[in-house]
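my questions concern the predicted model and sequence given below.
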Amino acid sequence: MRILNRRDRQTAPQSWWRAAAISVVAIGLVAFLGLPAWAQSQSSSSTSGTQKQEPPPEAGGPQTDVGPYAIPSKKPDAPPPPPSEKPKKIEGMPDYSIRVDVPLVNVPVTVTTKDGQFINGLKKENFRISEDGVPQTISNFGLSDAPITAVLLVEFASTSYYFLADTLNAAYAFANGLKKNDWVAVVAYDNKTQIMVDFTQDKGAVYGALNQLRIPGFSETNLFDALYYTLDSVDHLEGHKYVILISTGFDSFSKLNLGEITKKVKATKDVTIFPVSIGWAVRNWYEAHGRAAPHGMGIPISQMDYLQADNQMQTFARLTGGRFYQPRFEAEFAEVFRDILGDIRNQYNLSYRPTNPKQDGTFRKLKIELVAADGGPLKVRDQKGKDLKVQIITRDGYTAKNEVE
């Protein structure tokens with residue numbers, strides 16, 4: 001064992017304290033340098049443990065800074081709808097399409113000489129048509145050759161024997177000219193309207209209906225109501241229709257007035273009226289003696305009433321493209337109805353789409369002209385080369401369809 005000497009004993013405590021101080025300083029320095037890294041590590045750990053987590057958008061619900069929250073499972077996408085089934089194609093049935101278009105206007109035209117002889121051989125280029133003064137383009141053209149559809153509308157009232165005789169003679173004359181494919185209905189009226197036979201192709205049925213017209217019941221006549229009923233009844237039928245009106249033209253019992261029936265005549269499409277006046281001979285005899293022919297017991301009537309009746313029937317014919325006839329003798333009825341049936345079976349049919357597309361229910365004036373190839377007036381000559389005066393028989397105009405109809 002080494003024994004310290006005094007000097008050693010004196011210097012030993014100093015060395016120990018010096019070493020201890022150095023150790024303390026070293027430990028402090030190490031602690032000072034290591035603290036920031038440790039604090040930063042602890043801060044990172046703490047921050048990572050408390051950092052706000054944003055919920056994914058598909059979680060839904062409120063987006064707040066509180067938790068916990070549950071993430072719902074994503075619903076599977078709905079399967080696409082099955083394709084719509086197309087309608088089955090039926091063999092033999094054509095395909096159809098729907099389109100909105102301007103209505104087609106049909107205009108029957110009869111062209112005759114002054115003597116009533118039909119002029120045939122005209123072509124589409126020979127016609128010029130104007131609506132309210134505006135030229136139109138003819139789209140369809142042809143000569144009618146189809147069976148006719150007609151209503152024989154007869155006045156059968158207790159008025160006068162002569163009127164009744166003319167009525168029956170005229171009606172039978174028309175029936176005699178019918179063909180087997182023609183469709184005809186017979187309607188009679190006095191103060192009411194009665195269907196004697198509905199549309200038929202049986203000429204025997206037409207004769208049977210006329211044979212029932214033997215004993216009239218009333219002397220009152222409702223021409224306007226009967227004509228309105230007839231026009232309303234045929235309006236839904238396809239094709240062109242004809243009304244053969246056999247009447248004195250005098251009305252004493254209708255609910256409608258002249259203005260209302262005239263409006264109906266204008267508004268009815270594809271109908272031509274051929275009025276045939278009856279009783280001219282007896283009317284003429286009474287007028288020669290300064291009186292008016294009686295029209296049933298207790299019904300006051302004057303010569304002016306008969307003239308007005310003639311004008312009314314002329315208006316019905318003019319508005320629809322027909323002709324007014326006033327046979328004077330019984331023998332003339334056969335000729336009259338030959339002319340009527342000739343006009344019906346020898347008409348030029350023109351069709352066009354108006355340049356005015358408005359469906360406003362207004363009345364449109366029509367004008368038909370005959371033109372030559374050079375655009376000038378068409379001249380018609382007879383076999384001797386003499387110029388013939390031509391008359392064009394057609395309707396004055398038509399009423400455009402109303403948009404609310």
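Sure thing, it's come through. Numbering: from 1, shown residues only.

got a pLDDT number for I90?
The score at I90 is 60. That number is its pLDDT.

same check on G342?
On pLDDT, G342 comes in at 88.

may I see the buried residues of stretch 145-163?
Neighbour-count burial for stretch 145-163, with 16 or more other CB atoms under 10 Å as criterion, is recorded at 147-160, 162-163. Where C-beta positions appear, they are placed from N, C-alpha and C, glycine not excepted.

let me redo that: stretch 359-368
Buried-residue list, stretch 359-368, by 16+ other CB under 10 Å: R364, L366, K367, I368.

mind checking which of those residues are in strands?
Using DSSP state E, R364, L366, K367, I368 are the members of these that sit in strands.

correct me if wrong: the first one contacts E131.
What it means is R364. Yes - using CB atoms under 8 Å, R364 is in contact with E131, at 5.1 Å.

so which of the buried residues of stretch 145-163 comes closest to T355?
Proximity of the buried residues of stretch 145-163 to T355 (CB to CB) peaks at T149, which lies at 30.3 Å.

surely the closest one is in contact with H236?
No - between T149 and H236 there is no contact under CB under 8 Å: 12.0 Å.

in the stretch 151-300 of the chain, which spans are strands?
183-189, 193-200, 241-247, 271-277 (DSSP state E, counting those that start in this stretch).

how far is the longest one from where the chain is centred?
The one in question is strand 193-200. 29 Å (CA atoms, centre = their mean, to the nearest Å).

now it and strand 183-189, what's the angle there?
Strand 193-200 and strand 183-189 are oriented at 170 degrees to each other (axes from the mean of the first three to the mean of the last three CA atoms, to 10 degrees).

what's strand 193-200 packed up against?
If contacts are counted by 3 or more CB pairs under 8 Å, 6 or more residues apart in numbering; DSSP states H and E, strand 193-200 sits against strand 183-189, helix 203-211, helix 223-234.

picking that back up, overlap of the contact sets of R364 and E131?
P354, N356 (CB atoms under 8 Å, 6 or more residues apart in numbering).

hmm, back to that, in a markdown table, list the strands of the stretch 151-300 of the chain along with mean neighbour count, distance to D360 and mean pLDDT.
As requested, those are exported to a markdown table (neighbours: other CB atoms under 10 Å; distance: least, CB to CB, whole Å; pLDDT from 0 to 100):
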| stretch | mean neighbour count | distance to D360 | mean pLDDT |
| --- | --- | --- | --- |
| strand 183-189 | 23 | 33 | 97 |
| strand 193-200 | 16 | 32 | 96 |
| strand 241-247 | 24 | 25 | 96 |
| strand 271-277 | 25 | 21 | 96 |
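
circling back to that earlier point, which one of the helices and strands packed on strand 193-200 lies closest to G249?
Per CB to CB, nearest to G249 of the helices and strands packed on strand 193-200: helix 223-234, 6.8 Å.

I'd like the average pLDDT over that closest one.
Here the average pLDDT along helix 223-234 is 97.

mind listing what's buried along stretch 112-130?
Under the neighbour-count criterion of 16+ other CB under 10 Å, stretch 112-130 has T112, I119, L122, N126, F127, I129 buried.

quick one: distance of that stretch to the chain centre.
For stretch 112-130, the distance to the chain centre is 30 Å (CA atoms, centre = their mean).

that one: end-to-end distance?
Length of stretch 112-130, first residue to last, CA to CA, to the nearest Å: 20 Å.

do the same with stretch 361-377
33 Å.

try stretch 292-300
Note: stretch 292-300 ends 9 Å apart using CA to CA.

repeat that for stretch 180-194.
By CA to CA, one end of stretch 180-194 lies 25 Å from the other end.

again, but for stretch 315-335
22 Å.

buried residues, it. List them.
By 16+ other CB under 10 Å, the buried positions in stretch 315-335 come out as 315-327, 332-334.

mind checking which of the residues you listed land in helices?
T315, F316, A317, R318, L319, T320, E332, F333, A334 (DSSP state H).

could you dump the residues you listed into TSV and include distance to K241?
What follows is these, written out as TSV (distance: CB to CB, whole Å):
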residue	distance to K241
T315	19
F316	14
A317	15
R318	18
L319	15
T320	10
E332	25
F333	22
A334	24
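
any idea which of those is the one closest to L350?
Using CB to CB, these come closest to L350 at T320, 15.1 Å.

how close does that closest one sit to I301?
27 Å (CB to CB, to the nearest Å).

pop the domain breakdown of this structure in here.
Following automatic domain parsing, one gets these domains for the chain: 100-144+346-405, 147-345.

I figured D182 hits P147, correct?
Yes - using CB under 8 Å, D182 is in contact with P147, at 5.0 Å.

looking at the buried residues of stretch 145-163, which is nearest A170?
V154 (7.8 Å).

what sits against that closest one?
Applying CB under 8 Å, 6+ apart to V154 gives the contacts T167, A170, A171, V186, V187, A188, Y189, L213, I246, S247.

find the nearest non-adjacent residue to it, please.
Distances taken as CB to CB, 6 or more residues apart in numbering place I246 nearest to V154, at 4.5 Å, with adjacent residues excluded.
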